[in-house]
Every structure is written in structure tokens, then in C-alpha cells.
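J.: quick check, what structure comes out for this input:
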Amino acid sequence: MKKFALMIAGIGIAAATVPAATAQAGWQNINQRQTQLDQRIDQGVRTGQLNRNEAARLRAEFRGIADLEIRYRRSAPGLTMAERRDLDRRFDALSRKIRAERQDNQGAGNGWWNINQRQAQLDRRIDQGVRSGQLTRAEAVRLRAEFRGIVALEARYRRTAPGLTVAERADLDRRFDVLARKIRWERRDWQNRR
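T.: Just a heads-up that it's a prediction; the model follows:
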């Protein structure tokens, strides 16, 4: 009886050390990988690096890997090393796809700048205009107010759907272009104020 109890205890200790060993090796479970990949996809959508179709396709591929893990777990009480390696290989390939999709400049439509990028660019141009004397403070306030209007419009567009449609992007681009021309014109008309 004691031998049997010791054998059971030994199996329990061995089983308890397997997860620790795999954690040390850096293997992440499905939930950790899902959280990490979902965050990367969400961030890509927020920054405009991924469009809705790209995000949906990447998430569908992820669900396929998650389903495979479930099938693996049904056939045995845990994952074999071969199954873990297969899942790791698939997760790594998906991770590379997410990176490539986010860097291909097609997420928002061939180099479309998201609101934060446009705001940073326009703010820099307005600040440069004020510092150089090409813009008055009143002109800068008016231009920034117009920009805030575009930001509010984008926020309204995003409330109706998880991403921007092609028509909404075109509308925002047109408005940004008009504002950029106004900044350029306001910065050039300083010579007429002298």
C-alpha cells in the first residue's frame, strides 16, 4: 500500500513539474496567445495598420488554431510535445502574418494616415507657422478647432462600426486635405500682413 501511495505521489510530483518545465521553456497556452494576438490585431485596427477585412481574416485563422488545440486536448488529457510544437509553429506563422499585414500600408488603404498621425503632422505645421511668425495665434486656434471637428467626425464614424468604410476614409481624407491647404495658405499669407 505504501509503495502504491509513493507511486501516486511520485506521479503527482512529476505531473506538477511538467507545466513548470514548459513554462520555463516559454510555451504560452491558448489563452495567453489569444490575448496577445487579439491585442496586436486590435492595436493594428486602432492605428489604421489593419482594416476590418484583414482583422477578420487574421482572427478567423486564430480561431482555427484554437479549434485545433481543442481537438488535440479531446484525444488525450493534455497536449503532447508534438502537438505543442505544431501549435507553436502555427501561432508563430500567424504572428508573422499579423506583423506583415500591419506593415504593408494597406490596412487603411494604401498609406492612409490615421487620425493620430494626421494630428501630429498638422500640429507640427501649425506650431512651425506660429514660431516662424507665419501664423498668428488666432489663426492657429481656428485651424486647430477645425481639426478637432474632423477628429469628432471620425469618432462618430467609428461609433457606427468597428472600422472606417472606404467612403468615410475618403471623406476624412478630403477634409484633411482641405485643412492642410488652409494651413499652407495661412502660412503664406503672412507676407500680406506686413
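
J.: can you give me the end-to-end span of stretch 72-92?
T.: 18 Å (Cα to Cα, to the nearest Å).

J.: next, the buried residues of that stretch.
T.: 72, 79, 83-84, 86-87, 90-91 (16 or more other Cβ atoms under 10 Å). (Each C-beta comes from the backbone N, C-alpha and C, glycine too.)

J.: kindly report the same for stretch 158-173.
T.: 163-164, 168-169, 171-172.

J.: what is the end-to-end distance of that stretch?
T.: 15 Å.

J.: closest to Arg137 among the buried residues of stretch 158-173?
T.: Distance ranking of those against Arg137, using Cβ to Cβ, places Leu172 first at 26.7 Å.

J.: the closest residue to that closest one other than its chain neighbours: neighbouring residues, count only.
T.: Among residues not flanking Leu172 along the chain, Glu154 sits closest, at 5.7 Å (Cβ to Cβ, 6 or more residues apart in numbering). Neighbour count of Glu154, defined by other Cβ atoms under 10 Å: 20.

J.: separation between Glu154 and Gly133?
T.: 31 Å (Cβ to Cβ, to the nearest Å).

J.: tell me which of the buried residues of stretch 158-173 fall in helices.
T.: 168-169, 171-172 (DSSP state H).

J.: mind picking the lowest-pLDDT entry from these?
T.: On pLDDT alone, Arg169 ranks lowest of these, at 80.

J.: the helices in this structure, which residues?
T.: Counting by DSSP H, the helices of the chain are 2-24, 30-47, 52-75, 81-103, 115-132, 137-160, 166-188, 190-193.

J.: domains of the chain?
T.: 28-103, 115-193 (automatic domain parsing).

J.: residue ranges with poor pLDDT in the protein?
T.: 1-30, 103-116, 161-163, 190-194 (pLDDT under 70).

J.: switch the cut-off to 50
T.: Scanning the chain with the threshold set as pLDDT under 50 gives 1-25, 107-110, 194.

J.: list the contacts of the nearest residue to Leu50 once chain neighbours are set aside.
T.: Spatial nearest neighbour of Leu50, chain neighbours left out: Gly44 (3.5 Å); criterion: Cβ to Cβ, 6+ apart. Each residue near Gly44 by Cβ atoms under 8 Å, 6 or more residues apart in numbering is listed here: 50, 54-55, 98, 101-102, 107.
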